[in-house]
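Q: Take this sequence and fold it.
(chains A and B)
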Amino acid sequence: MSEGDSPDLAELAKRRGFFLQSAGAYGGVSGFYTFGPQGASLKDNIENSWRDRFTLQEGNMEIDAPTIMPEPVFEASGHLDGFDDMLVECPECGESHRADHVVEDNTDYEEAEGLGPERVGEIIEEYELVCPTCGTGLAGQAIEDFNLMFETNIGPGSSSPGYLRPETAQGIFVEFPQLAEYARNQLPFGVTQVGRAYRNEISPRKSLLRVREFTQAELELFIDPEDGEGPDLSSVSDVVAPFYGVDQQEDDDSDPLEITVGEAHERGLVADPWIAYYLGVAAEWYESIGVDMSRFRFRQHLSGERAHYAADCWDAEAEVDGDWIELAGFAYRSDYDLSKHDEYSDEDYTIFKQYDEPVTVERPTVDPDMSALGPEFGGAAGDVADALEALAESDPDAFEDAGEDGSVTVDVDGESHEVPVSQTGFAVEEVTESGEHITPHVVEPSLGIDRALYTVLDHCYREDEVDGEERTFLELPPAVAPTTVGVFPLMDRDGLGEHARDVAADLRERGLSVAYDDSGAIGRRYRRQDEVGTPFCVTVDYATIGEAEDASEGAPGTVTVRERDTTAQRRIPVEEVPATLEALRDGELSFSEL
RNA sequence: GCGCCGUUGGUCCAGUGGUAGGACAUUAGCUUCCCAAGCUAAUAGCCCGGGUUCAAUUCCCGGACGGCGCACCA
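A: Numbers count the residues shown, from 1 in each chain, chains lettered A, B, ... in the order given. Below is the predicted model:
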């Protein structure tokens, strides 16, 4: 099924400086890559393009959180337990298995992960469980914990453990109370972050596609779960993409549905309107950075595949080297994350939502007479008072039925206490409520930048023939190409070099990324730029300096502009070069219009 | 983590129990000048550790790294 890495691309990536394995001088270390000059620039451009589309154009706000967070953050997020795998190795065949899965599959225990490794080891012995692969008994084998998070210590000693974040999202969630303040407590609002995340993968594979340190671009969109309206889909409703829903996946004969985002939502295939909206945004964005949309699809997670918190989840996938790889996930996380941090921390992770009209409600309250309860119940008096308050809320009739002279009974620590109603200060008050606290739900488009970069390289890789010579080039969109324009003197003599340097300087001043090259033959220089995806080259020749031998060589004061994809050339006046190239880069002008 | 295969200049490869050769690329010179031309020269390599041997890049063992398969991927 897999055809493996495309060798030509891997070779080009290393030779031309897109990416290489890190620390090769020391034998290299699996799962870490260094982006070379071309790769770093391409990555920057992709990130900035993402920023423009998902932050600026959407009116969202970007933050930049630390990559190391203290342990309690990951206790709350569930990564400390959930990211922990219990592995047991077979003494006979050497296969590693999830110990909790072995227990769950062969006993009545469910959720074995919560039992802890010791108990799981005992159960394996009690039930004489065997290796699923070869049938050898697993009793007595060590249960090893393997947590996919990189651990470190904050400050000296080990009293304050911290972890490198396994996703950027938690950095947004933990700061929600303050972020809501920045958003003036108005839902919906979105917070983005681009940054590194770390996972200590057991077995990194496939070049950049599965690594231990990677870059994520995430958007956490906080929405009001009671507001059914959702976003205005009109700007993306006509975007067409393949939708591979659960039904199509489970039916062997079904292909993904090639439909518009609007239709996918109307049919109920993509139920949540926010998910639908960002699928549309993402499809357009992936196309803009050079992903081949005929090798792209949205795939819905099967029920067993979804994370515990996700009500629905769609992935963006691309076909690379014969496999479909995950480029992004679009998850409806409900209130899972905010509720967890609300529970584990001292902060309030809710939003106060004002009603259109204040409402007046009758609320039963108590105001216990502590001067009476104190002597009566001693140290338990405080708990009794709390129990009275709880009783008033849950069963106000108990007070009403007992009447002024009666008493109510509350249980504290298994002991029944009788309290005269007159001492409880029970009353039904009219309270005006102007709103309520709600926990926002979260819609999360989460993209892998490294995978996007690899996919773009793979999808833009071209080989063709020019004048009988083989040519390799990257058909990168001008907006993301590491270099926008190569500038060459036809020869480095007769003042051509000086003129070309001036042209390059003017272009750089304009903010364009320029490669200047005066070495060797002109054709060789064109090919060099082709290989790193430079979309345009400008060449200064004798016509530019007014010394062409005849008019057929070009009008005085003009240069040639050459297009990468077609190798076609046009002449334009030298003074128009900066503005023209800028327009070409920004897509405001196409080469054929020159 | 397990199994199979692999690792030779920057890149792609050949080869050998007596420390290596090509192609492409790079640099310099001559020449040419709008699509990888030619000539000359230069730079540059046997993944790491241990063993066997007079001698190991080569054979053996271990490791690292890579590819594929299995497992894993909240």
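Q: Closest residue of chain A to RNA strand B?
A: Nearest residue of chain A to RNA strand B (C-beta to the nearest atom of the strand) works out as residue A:523 at 2.7 Å. Yep, even glycine has a C-beta here, placed from its N, CA and C like the rest.
Q: Am I right that that residue is in a helix?
A: Yes: per DSSP: H, G, I helix; E, B strand; the rest coil, residue A:523 lies within a helix segment.
Q: Now do the contacts for residue A:23.
A: Counting by C-beta atoms under 8 Å, 6 or more residues apart in numbering, residue A:23 touches A:29, A:32.
Q: nope, residue A:384 is what I was after
A: Contacts here follow C-beta under 8 Å, 6+ apart; on that basis residue A:384 touches A:368, A:373, A:377, A:410, A:412, A:417, A:419.
Q: tell me the domain boundaries of chain A?
A: As given by automatic domain parsing, the domain ranges for chain A are A:16-66+A:167-336, A:84-147, A:359-437, A:483-593.
Q: As JSON lines, the ones you listed with distance to residue A:470 and mean pLDDT would be great.
A: Below are the domains of chain A laid out as JSON lines (distance: least, C-beta to C-beta, whole Å; pLDDT from 0 to 100):
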{"stretch": "domain A:16-66+A:167-336", "distance to residue A:470": "16", "mean pLDDT": "91"}
{"stretch": "domain A:84-147", "distance to residue A:470": "46", "mean pLDDT": "67"}
{"stretch": "domain A:359-437", "distance to residue A:470": "66", "mean pLDDT": "78"}
{"stretch": "domain A:483-593", "distance to residue A:470": "10", "mean pLDDT": "91"}
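Q: Up against RNA strand B, what does the stretch 401-550 of chain A have?
A: For the stretch 401-550 of chain A, the contact set with RNA strand B under C-beta under 7 Å from any atom of the strand comprises A:466-467, A:469-472, A:490-493, A:519-524, A:526-528, A:530-531, A:539-541.
Q: just the buried members of those residues?
A: The neighbour count (16 or more other C-beta atoms under 10 Å) marks A:471, A:490, A:522, A:526, A:527, A:528, A:530, A:531, A:539, A:540, A:541 as buried among these.
Q: Can you give me the buried ones in the top strand by length along chain A?
A: Longest strand of chain A, by residue count under DSSP state E: strand A:351-365. Using 16+ other C-beta under 10 Å as the test for burial, strand A:351-365 gives A:351, A:353, A:364.
Q: Same question for stretch A:435-451.
A: For stretch A:435-451, burial by neighbour count (16+ other C-beta under 10 Å) applies to A:438-451.
Q: now for the residues you listed, which pair is the farthest apart?
A: A:438 and A:450 (36.6 Å; C-beta to C-beta).
Q: just the strands in the stretch 401-550 of chain A please.
A: Remark: strands assigned in the stretch 401-550 of chain A by DSSP state E, counting those that start in this stretch are A:407-412, A:415-420, A:427-438, A:441-448, A:461-466, A:469-474, A:485-489, A:514-516, A:536-540.
Q: strands paired with the first one, and their directions?
A: Read it as strand A:407-412. Partner strands and pairing direction for strand A:407-412 (DSSP bridges) are strand A:415-420 (antiparallel).
Q: Residues contacting the partner strand, please?
A: Strand A:415-420 has contacts (C-beta under 8 Å, 6+ apart) with A:368, A:373, A:377, A:380, A:384, A:387-388, A:405-411.
Q: Surely residue A:141 is within a helix?
A: No: Residue A:141 is assigned coil when assessed by three-state DSSP, not a helix.
Q: isn't residue A:170 right up against residue A:73?
A: Yes: if you go by C-beta atoms under 8 Å, residue A:170 and residue A:73 touch, sitting 5.8 Å apart.
Q: what touches both of the two?
A: Counting by C-beta under 8 Å, 6+ apart, residue A:170 and residue A:73 have no common neighbour.
Q: what angle do whichever helix or strand comes after the longest strand of chain A and strand A:407-412 make?
A: On the C-terminal side of strand A:351-365, the nearest following helix or strand under DSSP states H and E is helix A:370-377. Going by axes from the mean of the first three to the mean of the last three C-alpha atoms, to 10 degrees, helix A:370-377 is angled at 60 degrees with respect to strand A:407-412.
Q: Doesn't residue A:319 lie inside a strand?
A: Yes: checked against three-state DSSP, residue A:319 lies within a strand.
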